[in-house]
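Q: 3D model of this:
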Amino acid sequence: MTFDKNKFKDNYSTDKDNILKEFYIPILKESISYDRAVGYFSSQGLVKYLQGIDGLVKNNGKMRLIIGDTLSDDEYESINNSEAYSEIYSRLDKTWSDIFNSSVTELSKHRLAIFSWLLNRGFLEVRYAFRRKGLFHKKIGIVKDKKGNIVTFSGSMNETEAAMASNVNNPNGNSEEFVVFGSWDVDIFRRYGQEKVDSFNKVWEDCEDNTTTVKLPSAHYERIKDIYKNDSYPKSDSEKNQAELYDQITVNLDLDLDLDELDFSTPRLPKKIGGRKYQIQEHQVKALTDWKKSNYHGIMALATGAGKTITSIHGFVKFSETRPLALVVSVPYRVLAEQWCEVLSTFNIQAIKCYDGREKWESKLINGVGNFLLNIKKYLAVVVVNDTLRKEHFYSQINKIPSNKLFFVGDECHHHGNKDIVGMLPKADYRIGLSATPWSKRENDKKLYLESYYKGIVAEYSLQEALDNNVLTGYKYHIHPVSLNSDEQDAYIAISGDISKMYAIKNNGGTIDEVILKNLLFKRSRLLDSLEDKFNTLERLLENRTPSPYVLFYCGSGSVEEDSEGSNDKELNIKSIDRVTKILHQNGWSVSKFTSTETTRQRNEILENFKSATINAIAAIKVLDEGFDVPMCTEAYITASSRNERQFIQRRGRILRKSSNKSEAIIHDFVILPNSSNKALKDLVLNELERIFEFYSSANNKVDISMEIRKICDDYGFKYDLFMSDKEGDNVK
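A: Here you go, the predicted structure:
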């Protein structure tokens, strides 16, 4: 992996040289890094020299690409004064769209797949260089080998198809030329070559006068990323079939690339994740150690955002290094399944997606299980949603795998705490349950079912520990009192009375209609979700506030405490969220609804728009409660909350994940405080106080709001000190 200086000339011209064959391919084959700045760019041009780029891939090298673009005076002043790139990005997004939409042939699709693969695997990083009026027109190339030798080249060459196709045998290409400087000619390189290195780095770091350099925005990155999601290198005969149209060089990638090194058939730990060096933390190591001591069974009750997913995958990867192992991950929702598959790909694990239509995955699962059992594949990975996990056509295949080769992960495993599903869970020797809150104090049955399969909690890592260790972002907590009007109060007292009567009969051994009880609970929950004062309070809070990005608005689901989606009557649920979004729109907010009615594709688009700040906010009904990774979120308005502590703990966790430029999160809690001492209403306040103290106990502004919380306790006859010392104690005087 060192350059042969005798192979390179000082000057190359397309009028007399075959630049692709004589320069690009030989030098890139021996490289470990490649920096390129160009005035124009096309993905087709990049793919033309991929025969050489495997040198970067095999040695974990990287290509850095700067794409030039010209701006008007107004655009240039805008990005320099406010960093408001939305209009410019919209124009560039149209350019990408044109590239995507024009890629209809097998060859063009294949090239875009390679471009996507390079970006996904971390071998390519792209930045834009914006310049006032004139175009950023530097054409700099810098290549390094393992011994530190550097070759720079500069001239008229762009990374376009016409330029790359140019050579002495192709009169249809552009006329191009460039000069080359090698670091082995020390004096010459110091005078000419080093200048190119310094110039590139200056632009890359956004330090060049009259030029603004920005990273590829997430919206552009994600669109390119979604083109090709497989870990294996894109293969096609299209390049081979089209070779004669260029310079008669064999560009069949299969001939030059070591596919054994590029198919990523073996799980392995990443060198980096999220842009940082990969290294699991002390609490994650301890969790795996304690799980191992418990005979590889147990629940990891780690705080939301503390790395439960990474911990379990790390354990699987380490075990798969010494034995054939099949990984089965079960999740409650499709969006979580997609998120898991994305994280697994970071560990070179390509999972079979058993959640997107049986006809799409069943044959893959059958073949995957067969190949694993025949030792054709060293590992198998499957991601499945809970509904499919229980289907015979799924578990009949998984049950073919010997238990000593089966590694099962139940994400949000509290969903497995019932008799309908626990008996269908795989008989795996390796079992990990993941949940920040496996069961609450009211969920004894759930606890028994979960312990019967996972064998109890083996690792705990509290939210306070995560905050103290800077694993999560600290937060401020604000209480916004809301009350019931007279009609709402009368209705609540009446419904609560009916519920109490049914529970009294049940507790005394009598028989009740459970459907009626469930409907009453749902009706009461729906009533609290849509209190008129909640909408009035939200209007007051937003009327003088400037809209800002990365804000979540949690609306009521109308469900009871558990994981039910509620009754068949969802009219008021939707009406509630519609009222919230209407208030947001009236106050200048751009917002999208995130509910059970949106398709998977629509949800992904909403999340991408949220991440790229194309919209300010998301209004969600329950669907965002569990597992969704939106670390850039800085603020949440909880306009409705169930009695189940899991829900509000999960919701708090959504906004506490670490993210760049995020020093603190903010929680707005709409707390129901009735103007009555009626027992049913006092019990309602008691439930609200349980959530208040959960949020208050770890808040950064604890001192500032302590008197407010003490006053609530005094007004309703509850002991503040008992809440602080024992949240599960009897707090009624």
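
Q: for the protein, what's the longest helix?
A: In the chain, taking DSSP state H as the definition, the longest helix is helix 486-507.

Q: run the chain-centre distance for it.
A: On the basis of C-alpha atoms, centre = their mean, to the nearest Å, helix 486-507 sits 42 Å off its chain's mean C-alpha point.

Q: quick check: mean pLDDT of it?
A: Mean per-residue pLDDT for helix 486-507: 93.

Q: what sits up against it?
A: Counting by C-beta atoms under 8 Å, 6 or more residues apart in numbering, helix 486-507 makes contact with 484, 511-512, 516-517, 520-521, 523-524, 527-528, 531-532, 674-676, 678, 680-681, 683-684, all of which sit outside it. Yep, even glycine has a C-beta here, placed from its N, CA and C like the rest.

Q: now, of those residues, which are buried?
A: 484, 517, 520-521, 523-524, 527-528, 531, 674, 676, 680-681, 684 (16 or more other C-beta atoms under 10 Å).

Q: need the max-distance pair from these.
A: Farthest pair in the buried ones among the contacts of helix 486-507 (C-beta to C-beta) is Leu517 and Ser676. Separation: 24.5 Å.

Q: where does the stretch 451-600 of the chain dip in pLDDT?
A: Residue ranges of the stretch 451-600 of the chain with pLDDT under 70: 557-574, 600.

Q: looking at the buried ones among the contacts of helix 486-507, which is nearest Ser440?
A: Closest to Ser440 out of the buried ones among the contacts of helix 486-507 is Leu521 (15.9 Å), distances taken as C-beta to C-beta.

Q: and the angle from the helix or strand harbouring that closest one to helix 486-507?
A: Leu521 is part of helix 514-529, with elements assigned from DSSP states H and E. Here the directions of helix 514-529 and helix 486-507 differ by 150 degrees (axes from the mean of the first three to the mean of the last three C-alpha atoms, to 10 degrees).

Q: quick one: list the elements packing against the helix or strand hosting Gly410.
A: Assigned by DSSP H and E, Gly410 belongs to strand 406-411. Counting contacts by 3 or more C-beta pairs under 8 Å, 6 or more residues apart in numbering; DSSP states H and E, strand 406-411 packs against helix 308-320, strand 325-331, strand 430-434.

Q: and of the ones you listed, who's closest to Asp721?
A: helix 308-320 (33.6 Å).

Q: quick one: the closest one to chain centroid distance?
A: For helix 308-320 - counting by C-alpha atoms, centre = their mean - the centre lies 18 Å from the chain centre.

Q: also stretch 2-22?
A: Distance, stretch centre to chain centre, for stretch 2-22: 44 Å (C-alpha atoms, centre = their mean).

Q: for stretch 535-550, same thing?
A: 27 Å.

Q: give me the contacts around it.
A: 480-482, 579-580, 583-584, 587-590, 610, 613, 615-617, 630, 632-635, 637, 639, 668, 670.

Q: before we move on, the earlier item: can you list the residues that contact the strand holding Gly410?
A: Contacts of strand 406-411 (C-beta under 8 Å, 6+ apart): 308-309, 312, 315-316, 319, 325-332, 336, 340, 398, 416, 425-434, 454, 627.

Q: give me that answer again for 6 Å
A: 312, 316, 325-331, 416, 426, 428, 430-434 (C-beta atoms under 6 Å, 6 or more residues apart in numbering).

Q: can you turn the buried part of those into a ChimeraX selection?
A: Remark: buried members of the contacts of strand 406-411, expressed as a ChimeraX selection using 16+ other C-beta under 10 Å:
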select :312,316,325,326,327,328,329,330,331,416,426,428,430,431,432,433,434
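
Q: can you give me the helices in the stretch 101-250 of the chain?
A: With DSSP state H, counting those that start in this stretch as the criterion, the stretch 101-250 of the chain has helices at 106-120, 161-164, 186-188, 194-204, 218-225, 238-242.

Q: next one: the fifth one to chain centre, how far?
A: Meaning helix 218-225. 13 Å.

Q: buried set for that helix?
A: Residues Ala219, His220, Tyr221, Glu222, Arg223, Ile224 are the ones in helix 218-225 that count as buried (16+ other C-beta under 10 Å).

Q: ok, the fourth one - contacts?
A: With C-beta under 6 Å, 6+ apart as the criterion, the residues that contact Glu222 are Glu608.

Q: domain-wise, how is this protein divided?
A: If you go by automatic domain parsing, the domain ranges for the chain are 10-262, 272-468, 475-725.

Q: angles on the backbone of Tyr34, please.
A: When read as degrees, to the nearest 10, the backbone of Tyr34 gives phi -140, psi 120.

Q: report pLDDT for it.
A: 89.

Q: contact partners for it?
A: Applying C-beta under 6 Å, 6+ apart to Tyr34 gives the contacts Met63, Val143.

Q: how far away is it from Ile140?
A: Distance, Tyr34 to Ile140, using C-beta to C-beta, to the nearest Å: 11 Å.

Q: pLDDT-wise, which helix or strand of the chain ranks last?
A: helix 253-256 (a mean of 32; mean pLDDT, DSSP states H and E).

Q: which strand residues bridge Ile352?
A: Per DSSP bridges, residues listed as beta-bridge partners of Ile352: Val382.
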